[in-house]
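Student: sharing a model prediction with you, sequence too.
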Amino acid sequence: GAVVSQHPSWVICKSGTSVKIECRSLDFQATTMFWYRQFPKQSLMLMATSNEGSKATYEQGVEKDKFLINHASLTLSTLTVTSAHPEDSSFYICSASGQPVVAYNSPLHFGNGTRLTVT
Amino acid sequence: RKEVEQDPGPFNVPEGATVAFNCTYSNSASQSFFWYRQDCRKEPKLLMSVYSSGNEDGRFTAQLNRASQYISLLIRDSKLSDSATYLCVSLSGGYNKLIFGAGTRLAVHP
């Protein structure tokens, strides 16, 4: 089945530094990738949608200058958390679809997630 | 009101039990739904897609009631390995977005 690889699995960084998270589709071309964030005991919240070769679309309340998304190829999207602060500590998960439109017969496949801890 | 709502649980059941989760959604334009399971500190994994009135896959049965705007997941003959959080997910009509519920925790004990 479709595989999405996310790296790193966990990262600890100091406040004020930047962290880059990579999301790769391993056996399919991902036209669209989605980035989610999940705080403990809460649901996944969509942060942004990235389409290959174009600017990402951010959800309301998500700072685009703080969470930089680059989708330079059909198999790679990156999320950079700039000037990270302790409140950015969370579980970040990417997902990808091989189709431009998500549907019941074309669901999303998730990366293994990145647990970010900012000290 | 949240777009997708679930009872957080936890549901504590013995092995072999049948357990059902309900999920309600508020956007009547939503066409497709999914159930994902998420283990602690892991990514969600697709369990079932739900489109028409529902479908069945082994011990798992999902049903969709559009009139009442709810989706259910039935698990028969529960196994210890079924212990996880079950996420109800709505595909937001026309926006290509998945809206996640907060999840229902299931704990199956011997």
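Tutor: Thanks, I have it. Predicted, not measured: the structure shown is a model, and the values here were computed from it.
Student: where do the strands sit along chain A?
Tutor: A:4-7, A:10-13, A:19-25, A:32-38, A:45-51, A:57-58, A:67-73, A:76-81, A:90-97, A:109-110, A:114-118 (DSSP state E).
Student: mean pLDDT lowest for which of those strands?
Tutor: If the strands of chain A are sorted by mean pLDDT, strand A:109-110 sits at the bottom with a mean of 86.
Student: list the contacts of the spatially most central residue of chain A.
Tutor: Nearest to the mean C-alpha position of chain A, counting by C-alpha atoms, centre = their mean, stands A:W35 at 3.2 Å. Taking C-beta atoms under 8 Å, 6 or more residues apart in numbering or on different chains, we find A:W35 in contact with A:23, A:46-50, A:67, A:69, A:77, A:79, A:92-94. All C-beta atoms are positioned from the backbone trio N, CA, C, and that covers glycine.
Student: out of the residues you listed, which touch chain B?
Tutor: Among the contacts of A:W35, the residues that sit close to chain B (C-beta under 8 Å from any C-beta of the partner chain) are A:L46, A:T49, A:I93.
Student: any idea how far stretch A:61-77 is from the chain center?
Tutor: From the chain centre to the centre of stretch A:61-77 is a distance of 8 Å (C-alpha atoms, centre = their mean, to the nearest Å).
Student: oh sorry, the question was meant for stretch A:77-94
Tutor: 9 Å.
Student: can I get the CA coordinates of that stretch in PDB?
Tutor: Written as PDB, here are the backbone C-alpha positions of stretch A:77-94 (Å, rounded to 0.1, in the frame of the first residue of the first chain):
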ATOM      1  CA  SER A  77       7.100  18.400   1.200                       C
ATOM      2  CA  THR A  78       8.800  20.100   4.100                       C
ATOM      3  CA  LEU A  79       7.500  22.000   7.100                       C
ATOM      4  CA  THR A  80       9.900  24.400   8.900                       C
ATOM      5  CA  VAL A  81       8.900  25.700  12.300                       C
ATOM      6  CA  THR A  82      10.800  28.900  12.600                       C
ATOM      7  CA  SER A  83      11.800  30.500  15.900                       C
ATOM      8  CA  ALA A  84      10.200  27.600  17.800                       C
ATOM      9  CA  HIS A  85       8.800  28.300  21.300                       C
ATOM     10  CA  PRO A  86       7.600  25.800  23.900                       C
ATOM     11  CA  GLU A  87       4.000  26.300  22.900                       C
ATOM     12  CA  ASP A  88       4.900  24.900  19.500                       C
ATOM     13  CA  SER A  89       5.600  21.600  21.200                       C
ATOM     14  CA  SER A  90       3.300  19.100  19.600                       C
ATOM     15  CA  PHE A  91       2.900  16.100  17.300                       C
ATOM     16  CA  TYR A  92       3.200  17.100  13.700                       C
ATOM     17  CA  ILE A  93       1.800  14.700  11.100                       C
ATOM     18  CA  CYS A  94       1.900  15.000   7.300                       C
END
